[in-house]
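>>> Pasted the sequence and its predicted model underneath.
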Amino acid sequence: MKRIIKRICEIVVCLFKTSYVVLRSYIYNCTRKRGNRLYDYIPGDRESLFVLGNGPSLKDVLGAHCEKLTHENVICVNAFVSTDTYEIIRPSYYILADPTFFMYETDDLCRRYPKEIIEKVNATIEDLVSKTNWPLVLYLSSYAEKNEGLKNKLKENINIRTVYYCGLGMNYKNVKKQVYYSLARKDMICFPFSNVVQQALCIGVFYEYKNICLIGADSSWIEDVYIDDKNNDIKWKYHHFYSTDEHKNQNQVLEIQSIYNSKMAGFLSIISSTFEIYGFIKDYASYNKINIYNCSNHSWIDVFERRTIEEMLNVY
């Protein structure tokens, strides 16, 4: 009898959580403007999509295959536009997912973030507007729709078409996967991604690209983290493929708010969650019969099948 009661309670809780997610998603999406959502733009060729992360390993790939990538569907992320390679590859798609970009020229940005972050945000938006002289689809969170300054700035370049993905993220553990997948397919919910590459992968799945190739997704943060033996600070030698030698030698102190007494335990918990989300995206892609291949030269992501960039570009 106790088992039956327990099972009934589990079913009721599941139904409540599912109903809450569906209702909240519906109410939120009723407030979104039509005409510039994901399903309002349909790409042409959807055979392959190359997702370029900004990890250090991307440098070698670009050195060997930059010209070949100019003929492929490529999506770049965050500050890639600050490099000379941006105007060589001329990507078809671009995505900004860091919330600081959606605060462009707002008081919140100036009040909450240091000068170097503000400069990075401004430079990225300015470069997108000034450098893009070919058709580009720019993906932003629906929360960015409220920033009139950002929208007006992007309108200065007629080559840029802005498409907004649903910014409403909810815990995928609270509902059955099939419900979450169904809402995601309708652009009514956003995966709780921890980095921009994960959101780029989800957009590729949404548009049903047959093969999604991930490049420069090192995710090797653990290799670059250490504890300062003098004060127990967690320090990070964090860099991208475009980082200068000066940047590579800079150590960033990580400010981690943790429920644990140990900040390192909190850091590792965040890393664990990131890799767990990659696994959920893998399941989401498989559910939609989409292949995601990890073509990075160096990567800690182990859930996607490994392929070489040469195989995917057919350059042998």
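Yes, it's here.

>>> rest of the way, CA atoms for contacts and neighbours
Noted.

>>> Which strands or helices does the helix or strand where residue 312 lies pack on?
Element membership for residue 312 (DSSP states H and E) is helix 309-313. If you count contacts as 3 or more C-alpha pairs under 8 Å, 6 or more residues apart in numbering; DSSP states H and E, helix 309-313 packs onto helix 58-69.

>>> make it 10 Å
Counting contacts by 3 or more C-alpha pairs under 10 Å, 6 or more residues apart in numbering; DSSP states H and E, helix 309-313 is packed against strand 48-52, helix 58-69, strand 211-215, strand 291-294.

>>> in it, what counts as buried?
Residues 309, 312, 313 are the ones in helix 309-313 that count as buried (16 or more other C-alpha atoms under 10 Å).

>>> Who are the contact partners of the first one?
Same thing as residue 309. Residue 309 makes contact with 50, 61, 64-65, 213-215, 293-297, 315, according to C-alpha atoms under 10 Å, 6 or more residues apart in numbering.

>>> ok so, going back, reformat the helices and strands packed on helix 309-313 as a markdown table; add mean neighbour count.
A markdown table is the format used below for the helices and strands packed on helix 309-313 (neighbours: other C-alpha atoms under 10 Å):
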| stretch | mean neighbour count |
| --- | --- |
| strand 48-52 | 24 |
| helix 58-69 | 15 |
| strand 211-215 | 24 |
| strand 291-294 | 23 |
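
>>> how far away is the residue lying closest to residue 183 once chain neighbours are set aside from residue 176?
Once flanking residues are discounted, residue 183 sits nearest to residue 189: 5.8 Å by C-alpha to C-alpha, 6 or more residues apart in numbering. Look at residue 189 and residue 176: by C-alpha to C-alpha, to the nearest Å, they are 14 Å apart.

>>> The two - which one has more neighbours?
residue 189 (25 against 13; other C-alpha atoms under 10 Å).

>>> Please report how far the more buried one lies from residue 218.
Taken as C-alpha to C-alpha, the span from residue 189 to residue 218 is 27 Å.

>>> quick one, phi psi at the spatially closest residue to residue 162 that is not a sequence neighbour?
Residue nearest to residue 162 in three dimensions, not counting chain neighbours: residue 138, with 4.8 Å by C-alpha to C-alpha, 6+ apart. Phi and psi for residue 138, reported as degrees, to the nearest 10, are phi -100, psi 120.

>>> surely residue 138 meets residue 75?
Yes: with contact defined as C-alpha atoms under 10 Å, residue 138 reaches residue 75; the gap is 9.3 Å.

>>> list residues touching both of those two?
With C-alpha under 10 Å, 6+ apart, residue 138 and residue 75 have common neighbours 92, 93, 94, 95.

>>> Neighbour-wise, which one of these leads?
residue 95 (25 neighbours).

>>> and the spatially closest residue to that residue that is not a sequence neighbour, how many neighbours?
Using C-alpha to C-alpha, 6+ apart and skipping the chain neighbours, the partner closest in space to residue 95 is residue 139 (4.6 Å). Neighbourhood size, residue 139 [other C-alpha under 10 Å]: 24.

>>> contacting residues around the strand or helix carrying residue 139?
In the assignment (DSSP H and E), residue 139 maps to strand 136-141. Contact partners of strand 136-141, identified using C-alpha under 10 Å, 6+ apart, comprise 36-38, 41, 43, 75-77, 90-99, 101-102, 128, 154, 158-168, 190, 199-200, 203.

>>> Which members of those occur in helices, if any?
Using DSSP state H, 128, 154, 199, 200, 203 are the members of the contacts of strand 136-141 that sit in helices.

>>> how about those residues in a markdown table, adding pLDDT, distance to residue 227 and neighbour count?
As requested, these are arranged in a markdown table below (pLDDT from 0 to 100; distance: C-alpha to C-alpha, whole Å; neighbours: other C-alpha atoms under 10 Å):
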| residue | pLDDT | distance to residue 227 | neighbour count |
| --- | --- | --- | --- |
| 128 | 96 | 37 | 22 |
| 154 | 93 | 42 | 20 |
| 199 | 93 | 30 | 23 |
| 200 | 95 | 32 | 27 |
| 203 | 93 | 37 | 20 |
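
>>> Out of these, the closest to residue 222 would be?
Nearest to residue 222 among the ones in helices among the contacts of strand 136-141 is residue 199, at 21.8 Å by C-alpha to C-alpha.

>>> The closest one contacts residue 191, correct?
Yes: applying C-alpha under 10 Å as the test, residue 199 and residue 191 come out as touching, 7.4 Å apart.

>>> Between those two, which contacts overlap?
residue 281.

>>> and the gap between residue 113 and residue 101?
For residue 113 relative to residue 101 (C-alpha to C-alpha), the value is 12 Å.

>>> So between those two, which is more surrounded?
Shown here are residue 113 and residue 101; by other C-alpha under 10 Å, residue 101 has more neighbours (22 against 11).

>>> Next up, the contacts around that one.
If a contact means C-alpha under 10 Å, 6+ apart, then residue 101 has 78, 109, 117-118, 120-122, 124-125, 140-141, 144, 150 as its contacts.
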